[in-house]
Every structure is written in C-alpha cells, then in structure tokens.
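# model this:
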Amino acid sequence: VNQLKNLGYEVEKFGNGQYFCDISGKVDDVYWNSIRIVSFNGKLTHIVLTRDYRLGWGATKRFFSKEVKQFYEQTKSIYDKKYSFWSKSTSVYEDEKTLLKLEHDECYTVWATYSLK
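Coordinates of the predicted model:
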C-alpha cells in the first residue's frame with residue numbers, strides 16, 4: 001500500500017485490511033487496471049490484479065466476451081512462460097510460498113489472484 005502511495009496512486013481502504021487502487025498499468029508483465037490488496041491481522045494474504053472491460057466502454061456483451069477471452073489467453077501465455085518453473089494445472093501456478101490463480105468471467109473481467117501460503 002505504501003509503495004503504491006509513494007508512486008502517486010490514490011489507495012482507498014475498504015473493510016478491515018482491504019485496499020483498492022486504480023493502476024492502469026503494467027504489473028507482472030501484464031497491463032491491469034486495478035489492484036486489490038487483502039490482509040488479515042496485519043499480514044498480507046492476497047493481491048488481486050484485475051482487467052475490467054466495463055470501465056469506459058460502451059460496447060456490447062459480445063464484444064466484451066471476445067476481448068476478455070483474448071486478454072485471458074494472452075495473459076495465460078505470459079504466465080506459462082514466466083512461471084514455467086512453478087507447478088501448474090490449467091491456470092493455477094504454485095510454488096512453496098505462493099499460489100497464483102488466473103480467472104475470468106464470461107463477459108467483462110479477467111483477474112489474477114496471488115495468495116500467500
């Protein structure tokens with residue numbers, strides 16, 4: 001949270017130990033438009049990077065579905081290469097400390113959740 005604030009981002013706190021920030025930038029070799037940080041008892045538990053195609057777009061659901069699928073497949077390809085040394089099944093990447101899960105809905109959003117074990 002402090003790193004985001006130091007970079008000039010406005011970070012909103014919502015709920016106990018949860019923060020949200022519009023980033024619209026490249027994180028972990030992929031362009032995302034928001035980040036959610038979740039902590040429990042002062043310890044980081046999850047970071048969720050999101051690409052939401054509803055933001056500022058006036059297109060149809062069909063258009064979104066195509067864009068979401070394309071972005072998901074491109075991101076999966078990047079992660080398959082970047083995390084090739086991690087064990088993986090479909091869109092889940094895992095090492096001894098971290099679990100990374102790449103997901104999408106059918107219309108608007110792709111997200112990557114980094115969870116600490």
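
# residues in contact with the helix or strand bottoming out on mean pLDDT in the chain?
The element with the least model confidence among the helices and strands of the chain, by mean pLDDT, DSSP states H and E, is strand 87-89, at a mean of 77. Residues from elsewhere that reach strand 87-89 (Cβ atoms under 8 Å, 6 or more residues apart in numbering): D80, Y93, E94, D95. (Glycine included, C-beta is placed from N, CA and C.)

# list buried residues within those.
Among the contacts of strand 87-89, the ones that count as buried by 16 or more other Cβ atoms under 10 Å are Y93, E94.

# so which of the contacts of strand 87-89 belong to helices?
D80 (DSSP state H).

# between the contacts of strand 87-89, which sits nearest T50?
Y93 (17.4 Å; Cβ to Cβ).

# bridging residues for the closest one?
Using DSSP bridges, the bridge partners assigned to Y93 are K88, L100.

# need the contact list for it.
Y79, Y83, W86, S87, L99, L100, K101, L102.

# next one, pLDDT for it please.
Y93 is assigned 93 on the pLDDT scale.

# could you do G42 as well?
Looking at G42, its pLDDT is 84.

# residue contacts, the nearest residue to it once chain neighbours are set aside?
Spatially, and ignoring its direct neighbours in sequence, G42 is nearest to G17 (7.6 Å; Cβ to Cβ, 6 or more residues apart in numbering). G17 sits next to V38, S39, F40, N41, G42 when contact means Cβ under 8 Å, 6+ apart.

# among those residues, which one sits closest to C21?
Nearest to C21 among the contacts of G17, with distances taken as Cβ to Cβ, is V38, at 12.6 Å.

# tell me which residues form a beta bridge with the residue nearest in space to the middle of the chain?
When Cα atoms, centre = their mean is applied to the chain, the residue found nearest the centroid is L49 (1.8 Å). Residues in a beta bridge with L49, per DSSP bridges, are I35, A112.

# in strands, which of the contacts of G17 fall?
V38, S39, F40 (DSSP state E).

# thanks a lot, see you next time.
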